[in-house]
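[1] turn this into a model:
(chains A and B)
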Amino acid sequence: MNDVASPAAVTAALLQVQGVGRSFFKPDGDELVVLEDVNLKLERGEIVGLLGRSGSGKSTLLRLIAGLDAPSRGAVRYLGAPVEGPAPGISMVFQSFALFPWLTVLGNVQLGLEAMRLPEAEIRKRSLAAIDLIGLDGYESAYPRELSGGMRQRVGFARALVVHPNILLMDEPFSALDVLTAETLRNDFLDLWARGELPIGAVLLVTHNIEEAVQMCDRLLIFSTHPGRVVSEIRIDLPHPREPLDPQFLALVDRVYVEMTARPRQGRDGARAERPAMVGIGTPLEHVSTNLLSGLIDAVSEPPYNGRADLPAIAQALHMEGDDLFPVSETLQMLHFAEVGGGDIRLTEAGLAFARSDTDERKSLFARHLLAHVPLAAHVRRVLDERSSHRAPKSRFFDELEDYMAEEAAEQTLRAVISWGRYAEVFAYDDQRQVFTLENPA
Amino acid sequence: MSRGSGKLARMSTERLPISVLKRRFVPGQWDLVAFVLVFGLLAYLAHTAYTLTGPLAHLTAEHISLSPWALPAYAAQTALRMLVAMGASLVFTFTYATLAAKSQRAAAVLVPLLDILQSVPILGFSFTIVFFLSLTPGRAAGAEMAAVFLVFTSQAWNMAFSFYHSLRSIPSELDEAARAFHLGPWMRFWRLEVPFAMPALIWNMMMSMSGGWFFVVAAEAISVGHTTVTMPGIGSYIARAIAMRDLGAIGWAIGAMTVVILIYDQVIFRPLIASADWFRLEQEVGPTPSRSWALTMMRRSRLLSLAAGAFGGLVRLGFNRAPEPASARQTRPQRRWRDALWYGSVAVGVVALAWLIGRYVFAHVPAHQVLHVAALGLLTLLRVVVLIALASAIWVPVGVYVGIRPKLADRVQPVAQFLAAFPVNLLFPVVVSGIVYFKLDPNIWLSPLMILGTQWYILFNVIAGASALPTELKQVGSNLRVSGWLWWRRVALPAVFPFYVTGAITAAGGSWNASIVSEVAEWGNKHLAAVGLGAYIANATRAGNFAQTVLGIVVMSLFVVIINRLFWRPLYARAERKFRMD
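    Numbers count the residues shown, from 1 in each chain, chains lettered A, B, ... in the order given. Modelled structure (predicted):
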């Protein structure tokens, strides 16, 4: 191991995150808070999962810990010393593998050791040992392009392990892989971890896959969105190997779903309320296709669910992960087609009516709900109605949205409204000219 | 995951200090080829370098022999100038672009400067020859430096731009990986930045080479005022042949140039293109991996891989010597203060320079001539526009026809690339003798020379675009029975449009450059001149009138910059947005 042998380091926690926040400044000088008041302590020998939706800042937190980015507030302490820039002894596995395509497997694995200026002989010895350990034996001279996704991520793991890190950071390491490959790689990793063969002190895993989190972690930190903060912590004491069909495992998965669909009341007292459906013009919207919206309504309305479904169950039935499902269920909730809470989704009267309707009725029902419950859509329609030309440039609404959110979120929100408005036929949009209009091509 | 134990044992024997000797060195057939090539090149470099130190007095037209037997030596010297200029361009690219990409303050100056330099007509730099000659009085080396510098100016800018763009567009996950694994600046440069930039850089090197041949030929026989220098090379050979009205010698020169370009293509660019595939980020294997016998030779020859290993060792040595990555972060107010100081002094410098140039020019040129020169610019602009339109009307349909037939495209594409590289100024005498013979109007008939060399960019970009058209789209076209004009309008033209724009931008830029060479022409003692900005600059340079030369160059640069900003860039952005396939 790569311990720094100062006396303070021996007593200090491996990693301590204290009151960390990260915000970005918008062009007009306003502050956009991505991460707020995060506290976390990592001890030797544990795997801690950071679980949250996209936009919850969990990847940002990982980068702060890796020293790739600096916190706006608070401090990240590694072995007692503040992290300023990438620290030796912390290494990372990337979602997209981030292999250098012009280096062989061996070249990629050696990279971190070369940067440590070790003697060449030791570099080779340790690299080959890591390649061996991770099951890449025989692939040393292959280039990443010649490997399958699973093998590539193995290279990613070997590259991170070879430096014998105190902390291994994993940024959704399995999410770019197909289900079967991800499972194999996950199990191999857990196997090595359980047998103590990995030269790693502790692991911090970012994921949006609830089953994965429950299977791998000793502790889970659940993040809220906008801004990202830790809303709850769940300890998992199930013995390894964990069996996904085990009732205890399922109960934990269910509990995580409940936590993730709830939202904290003002304080941090642990009491939670259902997510309110109140939205204003400045609420960021997620671009969810209308096909997905009607697909989920159809699925929940049909047997065996008959209008009420357990979120983990419906996610599994639709082959979706939590991160894919939550935006859909929440959009339905916002449109008052469904209610979400306690890990369940329940269709409203309108939702059930939608399920029974034909295409044209669906569109008009959707249009009514869109205008009633999405203030931005109603606003766009009102502006178009008021103008004699019935045209308005996109920039007009974009500028308005930028008062409330970052550029990217504004773009995403407008795309969502455009897509829903088109489906509901409440307005049209010309992308070439970037204008909203009332006329649809006849 | 398996655990092998044999591997470590094997590795420990390889750690012996005599590991190189453990593999017996057995020369293979590829070593023989490599040996001949490497040592032939070395001997030849030594010989040519020797001539550099010769006296300047030998560099006159009378020393150029028109015998075909003298041509191989001339061709070799021309090729060497190209090689040296390319080396200099690479060094410039690696330093200038890196500086611009790493420092925001430097970028604020370096990037616009590069943009301007790129639009300055290359032969506008020819007056620098006086400066270079003064560096080595009485020696040929100064003239050689001047020629190399001219070729350098035709190659370096777009390479530097490409490298700068690559450095700025390094994928964030690779950047993060490099930082997370503590790569120092030197290691980062060789392990991440250079490989990532390679495909784009290689493409731009090819473009640069194409332009370079044109200008190396033009740069070998230069007259600036009273200074006339004729360096031994194909360009001077042609110049001499023109003066002597020797069509046969011109034929020989064209033949020799063809051979030189073919050799360059085979020995340098085929291998480079083939190895560029290696650096591509898409992790899939391309449909048709490029092949090159020379690359095979380099990869299989143990001699060369030993040499490559030595280079790799040097680079790695640098990893250890290079300083640790700095992690200091400047505080905000401090940075703002220095920024203000920096940008302030840059602004002052720019204004002062503009004032100096203006004062110099207007001290020698009457103010109303500016309008005259601008009018000449409009005339040349008219020529460029008409010629690009004509070339497009011819080559877009041809390119589409070829591009949608993969087998044909495979055969035509290298030919088009060769034609683009061929310095058409070698053909000028043939055309000019025709104009003289038939007594044609030079204002019209000299014009096509401008686009003779650059039209091929349109052709091979369109071919590339048409070949990239997904098979499924072609099939949908036939399935819906879309044919004739409708097919062109709805399928072919939109598909090749972004590619066409790229080709047209290159062709138009090249045509402006070529106007300086092509608006004036000579055949023996016959002088032909068209009215235009190119002719104005050429005549001013020959007469040694620096003020007029500078004025002409400034006006032409302005034309190019303005047209790029107002026309090509918006068009390109539109093409990117609207016709992108993803």
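[2] just give me the neighbour total for A:Val426.
    By other C-beta atoms under 10 Å in any protein chain shown, 22 other residues sit near A:Val426. Placement of C-beta: from N, CA and C, glycine included.
[3] does it touch A:Arg381 like I think?
    Yes. Counting by C-beta atoms under 8 Å, A:Val426 sits close enough to A:Arg381 to count as a contact (5.5 Å).
[4] overlap of the contact sets of the two?
    Residues touching both A:Val426 and A:Arg381 (C-beta atoms under 8 Å, 6 or more residues apart in numbering or on different chains) are A:Leu371.
[5] so what touches stretch A:176-192?
    Counting by C-beta under 8 Å, 6+ apart, A:95-97, A:133-135, A:148-150, A:153-154, A:157, A:173-175, A:198, A:212, A:215-216, A:240-241, B:1 sit against stretch A:176-192.
[6] and stretch B:150-157, by the same measure?
    B:81-82, B:85-86, B:88-89, B:92-93, B:114, B:117-118, B:120, B:122-123, B:125-126, B:128-129, B:205, B:208-209, B:211-212, B:214-216, B:218-219, B:513.
[7] any stretches of the stretch 451-582 of chain B with poor pLDDT?
    B:579-582 (pLDDT under 70).
[8] find the closest residue to chain A in it.
    Nearest residue of the stretch 451-582 of chain B to chain A: B:Lys578, at 7.3 Å (C-beta to the nearest C-beta).
[9] which residue packs closest to that residue, ignoring adjacent ones?
    A:Gln432 (7.3 Å; C-beta to C-beta, 6 or more residues apart in numbering or on different chains).
[10] doesn't that neighbour lie inside a strand?
    No. A:Gln432: not assigned to a strand; according to DSSP: H, G, I helix; E, B strand; the rest coil it is coil.
[11] for it, give its distance to A:Pro82.
    Distance, A:Gln432 to A:Pro82, by C-beta to C-beta, to the nearest Å: 51 Å.
[12] just to revisit the earlier point, and the contacts of stretch A:176-192, which are buried?
    Buried residues within the contacts of stretch A:176-192, counting neighbours by 16 or more other C-beta atoms under 10 Å in any protein chain shown: A:95-97, A:133-135, A:149-150, A:153-154, A:157, A:173-175, A:198, A:212, A:215-216, B:1.
[13] now name the helix or strand holding B:Leu40.
    Actually, residue B:40 is Gly. It isn't Leu. helix B:29-52 (DSSP states H and E).
[14] can you pull up the most central residue in the chain?
    The chain I'm using is chain A. Nearest residue to the geometric centre of chain A (C-alpha atoms, centre = their mean): A:Ser54, 3.6 Å.
[15] you looked at the wrong chain, it should be chain B
    Judging by C-alpha atoms, centre = their mean, chain B has its centre closest to B:Ser208, at 0.9 Å.
[16] excluding chain neighbours, what is closest to that residue?
    Going by C-beta to C-beta, 6+ apart, B:Ser208 has B:Gln155 as its nearest residue, at 3.6 Å.
[17] and what of A:Ser56?
    A:Phe223 (3.8 Å).
[18] could you report the neighbour count for the one you found?
    Neighbours of A:Phe223 (other C-beta under 10 Å): 24.
[19] next one: B:Lys102
    11.
[20] ok, it - contacts?
    B:Leu167.
[21] need the contact list for A:Leu325.
    A:Leu325 is in contact with A:Leu296, A:Leu311, A:Ile314, A:Ala315, A:Leu318, counting by C-beta under 8 Å, 6+ apart.
[22] pLDDT on the top helix by length along chain B, on average?
    Identified as the longest helix of chain B according to DSSP state H is helix B:369-403. The predicted model assigns helix B:369-403 a mean pLDDT of 92.
[23] quick one: list the elements packing against that helix.
    With contacts taken as 3 or more C-beta pairs under 8 Å, 6 or more residues apart in numbering or on different chains; DSSP states H and E, helix B:369-403 sits against helix B:406-421, helix B:448-452, helix B:455-467, helix B:493-518, helix B:533-543, helix B:546-563.
[24] quick one: closest of the ones you listed to B:Ala200.
    helix B:493-518 (12.6 Å; C-beta to C-beta).
[25] show me how far the closest one is from its chain's centre.
    14 Å (C-alpha atoms, centre = their mean, to the nearest Å).
[26] and it, does that touch chain A?
    No. Helix B:493-518 stays clear of chain A (C-beta under 8 Å from any C-beta of the partner chain), getting no nearer than 13.3 Å.
[27] residues of that helix that come out buried?
    B:493, B:495-518.
[28] mind exporting the helix or strand immediately after that helix in the chain as CSV, just the C-alpha atoms?
    For helix B:493-518, the following helix or strand on the C-terminal side (DSSP H and E) is strand B:520-523. Below are the C-alpha coordinates for strand B:520-523, written out as CSV (Å, rounded to 0.1, in the frame of the first residue of the first chain):
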residue,chain,number,x,y,z
VAL,B,520,1.6,37.6,-64.3
ALA,B,521,3.4,35.1,-66.6
GLU,B,522,6.4,35.1,-68.9
TRP,B,523,7.4,33.1,-71.8
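[29] thinking again about what came up before, out of the contacts of stretch A:176-192, list just those in helices.
    Short answer: those in helices (DSSP H) are A:Leu133, A:Gly149, A:Gly150, A:Gln153, A:Arg154, A:Phe157, A:Glu212, A:Gln215, A:Met216.
[30] quick one: secondary structure of the closest residue to B:Glu220 other than its chain neighbours?
    Counting by C-beta to C-beta, 6+ apart, the nearest residue to B:Glu220 once its immediate chain neighbours are dropped is B:Gly235, at 3.2 Å. Under three-state DSSP, B:Gly235 falls in the helix class.
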